[in-house]
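I need the structure of the sequence given here:
(one chain, ligands or ions: 1)
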Amino acid sequence: MGKIRAAGLVVLAALIAAGALFALSPASALLAPAPVKIVNFAFQPAEQTVEVGGAVEWVNQDGSKHTVTFDSLPIDSGDLDTAQTFSATFAAPGRYTYYCARHSSMLGAVNVVAAQTPTPTVQPTALPAPAPTLTPQVWQPILLHE
Ligand SMILES: [Cu+2]
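Presented below is the predicted three-dimensional model:
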């Protein structure tokens, strides 16, 4: 009976420890894409920076159609109508330039930088101390007066 209850506590402690590990996973993957607006025949900002694995999302807030077409990556939005969005994810560090295929004066770039080491926002939960090992009792002979 006592052994069963102790085993249950070990399982519970393991579940808590697993939960702490999940809480420590990097939050960067959950970040929203970096925004770039297309306004007045220009990309704003013209240079956007994301970490490796991060995404950029363009939104056409202009009255005419535009594209997001990269020079050295196979990324091309095609025509974006007003209020249309387009997003792309960047897997390798570097500086990637792009332009609008309809307006050659519209230029932009995405800087992809190495991911920062995430600082944990949640402190790890202390694991339970190991059960003390029993030290054998040493029995000393007691001398009795006769
Ligand atoms: Cu354009």
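
For stretch 106-122, buried residues please.
M106, G108, A109, V110, V112 (16 or more other C-beta atoms under 10 Å). C-beta here means a position set from N, CA and C on the backbone, and glycine is covered the same way.

Contacts for stretch 93-103, please.
Residues outside stretch 93-103 that contact it (C-beta atoms under 8 Å, 6 or more residues apart in numbering) are 38, 41, 43, 52, 64-73, 75-76, 79, 90, 106-114.

picking up where we left off before, need the buried residues of stretch 106-122 in TSV with distance to the ion, pLDDT and secondary structure, can you?
Formatted as TSV, these follow (distance: C-beta to the ion, whole Å; pLDDT from 0 to 100; DSSP: H, G, I helix; E, B strand; the rest coil):
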residue	distance to the ion	pLDDT	secondary structure
M106	5	98	coil
G108	11	98	strand
A109	16	98	strand
V110	17	98	strand
V112	23	97	strand
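
now, among the residues you listed, which is nearest to V59?
Taking C-beta to C-beta as the measure, G108 is the one of these closest to V59, at 13.2 Å.

The closest one against V36, yeah?
Yes - the criterion here is C-beta atoms under 8 Å, and G108 meets it with V36 at 6.8 Å.

shared neighbours, those two?
F43, Q48.

Which residues of the chain lie near the ion?
Neighbours of the ion within the chain, by C-beta under 5 Å from the ion: H66, C100, R102, H103, M106.

List the residues that contact A34.
Q48, T49, V50, G54, A55, V56, E57.

And the pLDDT for it?
pLDDT for A34: 97.

Then H66?
98.

Does P45 touch P35 like I think?
No - P45 lies out of contact with P35 (C-beta under 8 Å); the separation is 9.1 Å.

Averaging pLDDT per element, find the lowest-scoring helix or strand in this structure.
Using mean pLDDT, DSSP states H and E, helix 2-23 stands out as the lowest-scoring helix or strand of the chain, at a mean of 46.

Following element in sequence after that one, please.
strand 34-39 (DSSP states H and E).

Give the pairing partners of that following strand; include direction for each.
Next to strand 34-39 in the sheet, as set by DSSP bridges, lie strand 42-44 (antiparallel), strand 55-60 (parallel).
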